[in-house]
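Asks: Dropping a prediction and its sequence here:
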Amino acid sequence: MASLRDLRRRIRSVRNIQQITRAMKMVAAARLRGAQHRAEAARPYAEALTQALEDLSASGAPLEHPFFQRRPLRRRLLVVVSSDRGLAGPYNANILRLAQQKLREEGGTESPWILAVGRKADTFFRRRGYHLVGSLVDLGDRPSVAHARQLADRVMELYLAGEVDEVWLLFNQFVTPAIHRPRALLLLPLQKPEGEKKEKGTPGPEISFEPDGATVLGALLPHFLVSSLYRSLLEAKASEHGARMTAMDNASKNAGELIDRLTLLANRLRQEAITKEIAEIVGGAEALKGVQG
C-alpha cells in the first residue's frame, strides 16, 4: 500500500493536472466561439453560389462541364480532415474510423489515394502505408480561403487529369459543442442542380448570363469547390474546439473525483497512524506502570 507521503505527492500531481485541463477548457471555449461565428458567416456565400447554379439550370443553360461527368470508377480520392493536435476526445478517432470504412468499401479497380488535412490524418495514413497525394498541416485556429484553395487546386488537378474518378470529403460536422458528426460528402463528380421549380402560371424572373451560361459555369464551379472545402474546414475546426472543451471538462471532473478518493484514503492512513501512535503510547504507559508496580 502507498505511504501517506506518496498519496500526498500524488494528490498534488493530480491537482496540477486539473489546473491544466481547466485552463485548456477555457481556451477551447473561447476559441470555439470564434470558430462557430466564422462557420456561420461562411454560409451565405455558399448559399449564393448554390442559388447561382440553380438559376443557371432553371434558365435552360447546358450544364456541361467535366465536374458533372460520371466516369467508370477506377480510383477514389479521400480528403480526410483531422486536427494537428490531440487531447480532443474521440474527434480524430471518429473521422479516421469513417475513413477506414470508406477505404474498405467495394468499388474501383485500384487502391484509393489520400489527401490528408491535419497532422493526425497525415501520421495515421503514412504509418499504414497508404498513398498520400499531399497533406496540409499547421492550419492554426483560423483556416483561411487560401488553405481551401490549395486543397481545391490539388483536387481539380487530379480529377481533370483523370487520375481519380471520385473525390470524397470526410470531416466532422459541427452540431453543438458536445456533438459533432463525421460526414462523408461526395465532392466530385457534382450533382446537376434541377433548378427552382415554379408553380404553374407564375413565371420566374428572366435571368441572363454574360457572356453565356457555359462561360459563367466554368468560372463558377471552381469557386463552388473552394467554398465547399472552406466550409468543411470551418466546421471541422469548430468541432475540434467543441470536442476539446468537452474532453477537458470531463478530465477536470475525473481529476476532482480522483482527488476526493485519494484524500479520503490519505485521511484513513493518517487516522490509522494516529490511532497506532496512541495505542503505542497507552501500551507504553501501561507497561511502565507494571514495571513501577
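Replies: Looks like it arrived, so ask away. Numbers count the residues shown, from 1 in each chain.
Asks: What residues does Leu139 make contact with?
Replies: By Cβ atoms under 8 Å, 6 or more residues apart in numbering, the contact list for Leu139 reads Asp84, Val117, Gly118, His147, Leu233, Lys237. From N, CA and C alone the C-beta is placed, and that goes for glycine too.
Asks: Buried ones among those residues?
Replies: Buried by 16 or more other Cβ atoms under 10 Å: Asp84, Val117, Gly118, His147, Leu233, Lys237, out of the contacts of Leu139.
Asks: Now do the SS call for the spatially closest residue to the fourth one that is not a sequence neighbour.
Replies: Spatial nearest neighbour of His147, chain neighbours left out: Leu139 (5.8 Å); criterion: Cβ to Cβ, 6 or more residues apart in numbering. Counting by DSSP: H, G, I helix; E, B strand; the rest coil, the backbone at Leu139 sits in coil.
Asks: quick one on the thing from earlier: in helices, which of the buried ones among the contacts of Leu139 appear?
Replies: His147, Leu233, Lys237 (DSSP state H).
Asks: returning to that earlier point: export the contacts of Leu139 to CSV and tack on pLDDT?
Replies: Below are the contacts of Leu139 laid out as CSV (pLDDT from 0 to 100):
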residue, pLDDT
Asp84, 93
Val117, 95
Gly118, 94
His147, 94
Leu233, 94
Lys237, 94
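Asks: so Glu280 sits in a helix?
Replies: Yes - when three-state DSSP is applied, Glu280 is found to be in a helix.
Asks: what's it in contact with, if anything?
Replies: Applying Cβ under 8 Å, 6+ apart, no residues contact Glu280.
Asks: Sketch out the helices for the stretch 1-150 of the chain, chain order is fine.
Replies: Along the stretch 1-150 of the chain, counting by DSSP state H, counting those that start in this stretch, helices occupy 4-41, 43-58, 91-104, 119-127, 145-160.
Asks: Tell me the buried residues in the longest one?
Replies: Buried residues in helix 4-41, defined by neighbour count with 16+ other Cβ under 10 Å: 7-8, 10-11, 14, 17-18, 21-22, 24-25, 28-29, 31-32, 35-36, 38-39.
Asks: How about the shortest one?
Replies: Of the residues in helix 119-127, those with enough neighbours to count as buried (16+ other Cβ under 10 Å) are Arg119, Lys120, Ala121, Asp122, Phe124, Phe125.
Asks: closest to Arg43 among those?
Replies: Using Cβ to Cβ, Ala121 is the member of the buried residues of helix 119-127 that lies nearest Arg43, at 25.2 Å.
Asks: wait, isn't the closest one in contact with Leu78?
Replies: No - in this structure, Ala121 is not within contact of Leu78 by Cβ atoms under 8 Å, at 9.5 Å.
Asks: Find residues that contact each of these two.
Replies: Contact with both Ala121 and Leu78 is made by residues Ala99, Ile114, according to Cβ under 8 Å, 6+ apart.
Asks: Show me the shaky parts of this structure.
Replies: Low-confidence segments of the chain, defined by pLDDT under 70: 1, 58-63, 194-209, 212-213, 290-293.
Asks: What sits closest to Thr246 if chain neighbours are left out?
Replies: Of all residues not flanking Thr246 in the chain, Ala178 sits nearest, at 5.1 Å (Cβ to Cβ, 6+ apart).
Asks: shouldn't the one you found be in contact with Gly242?
Replies: Yes - using Cβ under 8 Å, Ala178 and Gly242 qualify as a contacting pair, with a distance of 6.7 Å.
Asks: Looking at the two, which is more packed in?
Replies: Gly242 (27 against 11; other Cβ atoms under 10 Å).
Asks: show me the contacts for the more buried one.
Replies: Contacts of Gly242 (Cβ under 8 Å, 6+ apart): Ala28, Leu32, Phe174, Thr176, Pro177, Ala178, Ile179, His180.
Asks: tell me which element Arg268 is part of?
Replies: In this assignment (DSSP states H and E), Arg268 forms part of helix 213-292.
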